[in-house]
Each structure stands twice: as structure tokens, then as C-alpha cells.
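J.: quick one, fold the following:
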Amino acid sequence: MFPGLPPARRRIRAVRHQLRRRRRLIAALLAAAAVVAALRTVAPPAPDTVAVLVAARDLPSGALLEDGDLVARDFPAELAPPAAADAAAGRVLAAPVRRGEVLTDVRLVGPALADAVPGETVLPVRLPDAGMATLLRAGDEVDLVATDPGTGDTTVVARDVTVLATPTGVPDGPAGGAGGALVVVGASATEAIAIARAALSQYLTVSWTR
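T.: Numbering: from 1, shown residues only. Okay, the predicted model is just below:
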């Protein structure tokens, strides 16, 4: 190629020849680079994120949470619930949670749950008949019935109280106690006093209409 020219000029001519042959490809590459640079300039910045706890699997109401039940996930800060729980191991779920759902304070038995049911007192009630407790689900409305073990007299101590949680994995009560199963209910302040008084000396059970 390019006979009769000195070697140095031949090399220059060869380079120019190759550049002319590839100028369309080079132009296309430069245009693509310009487009990418423009898109990066106008693209919005990545949103701020916060770490939240989500359910690692479907969890039932009343579950006693363990570390393996929850995992941390980055969530857009503007979409994260304002009351997302930051620690929950050892707490009890007041309602079922689906896998991947963000855990919030109102899903846990505690003060926030009481705030979620205004006008009611959140009260744990131990039912001597553990089998009865397995029939209950969060959201059930039941009557609490007390029976005097000495006389057999039975009275209704609270009507239409709402079952908030049926904890599982909770010990059956103190040593020497009556045992049974724990149920968390929402009741008025007056009903809560009557329920607590009856629980000291009488057997509590529930009744409801389906």
C-alpha cells in the first residue's frame, strides 16, 4: 500500500486510511457515549433508603417472634411506614403477617396496639382450658364467662370483647399456677377490672355466636 513513499509517510497514510474506513463506527460510538452521559445527567438520584424489618415467611397471629422470623431490607425512606418496628424478637404478633410485609408497632402486642384500639384496654387473659384458646382467632368477638369453682355459679363478666392475639410459645404460667393458655383481648376499662378480679379466684372461659 502506498508504494514509493518513505516508510514513515506510509505509516501515516495507512493510519489515515484506517480512520476513514472506520469513521462511521467511531462516530456511532461517540454518539452513544454522548447519549449515555446525557441520561446520567438527567436521571434522578437514587432514593434514600432505610432498613426495616420484614417477615421472612408467613407468620400467624400470636406468634412469639424469633430472630429468624424477620429479616432487614432496604426500603425507600419516603414509603417506609413511620412506625416500622426496629426490634421485635421476643414480642408477640397481634395479627398475621405475610412474607415480605413490613412489621409495624401496631402488629405487636404492646402499648402501640392499645393506641390502635382507642377507648379499649389491652388485657392478657389466661384461660385454664388451653384447647378453648386454640379455637380463637384475632378479630373474634367473645363473651368472657367466670365460674366459681366452689359453688359452680357462672356469670358473664364481659361481653363482646375483641380477641387481639392468641400467643403461641408462651409458657403455661408460673410454677404452681393453673396453667392454660394466654389470650390478649381488648376491653373497656371497667370490663378489664372485672376480668382481672374474676381471674384471681374463678375459672374463665369464652362463649361466642358464629
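J.: which stretches of this protein form strands?
T.: 49-55, 70-76, 121-127, 141-147, 154-165, 181-187, 203-207 (DSSP state E).
J.: which one of those lies closest to residue 101?
T.: Closest of these to residue 101 is strand 49-55, at 5.3 Å (criterion: Cβ to Cβ). Glycine gets a C-beta too; all of them are placed from N, C-alpha and C.
J.: between strand 70-76 and the closest one, find me the angle.
T.: 140 degrees (axes from the mean of the first three to the mean of the last three Cα atoms, to 10 degrees).
J.: would you mind listing the buried residues in strand 49-55?
T.: For strand 49-55, burial by neighbour count (16 or more other Cβ atoms under 10 Å) applies to 52-55.
J.: over to stretch 81-99?
T.: For stretch 81-99, a neighbour-count test (16+ other Cβ under 10 Å) marks 84-85, 88, 91-97 as buried.
J.: okay, buried residues for stretch 121-138 please.
T.: Neighbour-count burial for stretch 121-138 [16+ other Cβ under 10 Å]: 121-128, 132-133, 136, 138.
J.: list of residues touching it?
T.: Contact partners of stretch 121-138, identified using Cβ atoms under 8 Å, 6 or more residues apart in numbering, comprise 61-62, 94-96, 109-110, 113-114, 142, 144, 163-166, 172-173, 178-189, 191-192, 195-196, 199, 203-206.
J.: and residue 159, what does it touch?
T.: Neighbours of residue 159 in contact, by Cβ under 8 Å, 6+ apart: residue 143.
J.: could you measure from it over to residue 181?
T.: Separation of residue 159 from residue 181 (Cβ to Cβ, to the nearest Å) stands at 21 Å.
J.: and what of residue 102?
T.: Residue 102 is 29 Å from residue 181, by Cβ to Cβ.
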